[in-house]
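K.L.:
next come a sequence and a model predicted from it.
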Amino acid sequence: MSFLASNLRYLRKQKGLTQQDLADQLEVQRTMISAYEDGRSEPKLSSLLKISAILEVGIEELLEHDIENLGRKALQKRNLQILTIATDESDRENITWVGQKASAGYLNGFADPEFMEQLPQFHLPNLPRHATYRAFELAGDSMLPLIAGTIIIGSFIEHPSEIKSGRTYVLVTQSEGIVYKRVFNYLAENGKLFLVSDNEHYKPYEVRGEDVLEVWEAKAFISTDFPNPGDKKKSLSLSDLGEMLKDIQEDLRKLKP
């Protein structure tokens, strides 16, 4: 079974291209792109090679892999390969702590068992044992009332598509490094995640799904500083987040052809 039609439509929208945009790059009529996406026609090999380059996807994956429902193959392989865990003498998983100073090294060494073994490890009680956890030290004040130095305990998420909009996650990304944000999932619409800070002084921004190397859903935090109720004035309320979400959805609607 060929997935060309659905993959072409999905990847084109991920790139923010209209049918006319893609037609212009291929030097064909827009109706030809419509026919490709409806499955009424298939491109010649020369056009297929151009489409592959424009959409940054291999021909085999474009033709034979259900990208919309299963995700990109490269991301699947990366997720399967990178998760390195440490265990104690009882074969119980440890929580590995990634401090601020280790953050830069983690981006290159998260798949290296030797690097991971050098990082501090510990256990916490009362965490469900069916998940894998990692601890990340916060930098900056973008997620007030949690301050710099707070340690976020995250549960491993196998694929960014599992992210639930409005919850907080630690994302390990190629473009932004390690960040802790409130995340809104628009992978199905345009292949991107919108990252929002709880501190209103920081503007939201987006990352592409393929830039995400690891996802950890925040489950707990450790801090030596008790949050000051006064700090809540600096953070976004639920109503603020709701309005922001409406604005993001409106922007997405404008992007659709």
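P.N.:
Yep, that arrived.

K.L.:
residue 107 against residue 176, yeah?
P.N.:
No. Counting by CB atoms under 8 Å, residue 107 sits too far from residue 176 to count as a contact (10.3 Å). The C-beta positions use only the backbone N, C-alpha and C, and glycine is treated the same way.

K.L.:
wouldn't residue 187 be in contact with residue 194 here?
P.N.:
No. Applying CB under 8 Å, one finds residue 187 not in contact with residue 194, separated by 10.5 Å.

K.L.:
can you give me the helices for the stretch 51-200 of the chain?
P.N.:
59-64, 67-70, 73-82, 103-109, 113-117, 187-190 (DSSP state H, counting those that start in this stretch).

K.L.:
roughly how far out does the fourth one sit from the chain middle?
P.N.:
This means helix 103-109. 17 Å (CA atoms, centre = their mean, to the nearest Å).

K.L.:
tell me what that helix is packed against?
P.N.:
helix 113-117, strand 177-186 (3 or more CB pairs under 8 Å, 6 or more residues apart in numbering; DSSP states H and E).

K.L.:
ok, residues contacting it?
P.N.:
For helix 103-109, contacts defined as CB atoms under 8 Å, 6 or more residues apart in numbering pick out 98, 115-116, 136-137, 139, 172, 174, 177-178, 213.

K.L.:
out of those residues, grab the one that's most surrounded.
P.N.:
residue 136 (26 neighbours; other CB atoms under 10 Å).

K.L.:
surely it and residue 215 touch.
P.N.:
No. At 11.9 Å, residue 136 does not count as touching residue 215 under the criterion of CB under 8 Å.

K.L.:
common neighbours of the two, please.
P.N.:
Residues within reach of residue 136 and of residue 215 at once, by CB under 8 Å, 6+ apart, are residue 170.

K.L.:
hang on, residue 179 packs against residue 152?
P.N.:
No. Between residue 179 and residue 152 there is no contact under CB under 8 Å: 10.8 Å.

K.L.:
what residues are shared contacts of those two?
P.N.:
residue 170.

K.L.:
most packed of the helices and strands packed on helix 103-109?
P.N.:
Most buried of the helices and strands packed on helix 103-109 by mean neighbour count (mean count of other CB atoms under 10 Å) is strand 177-186; its value is a mean of 21.

K.L.:
circling back to that earlier point, mean pLDDT lowest for which of the helices of the stretch 51-200 of the chain?
P.N.:
Among the helices of the stretch 51-200 of the chain, helix 73-82 carries the lowest mean pLDDT, a mean of 48.
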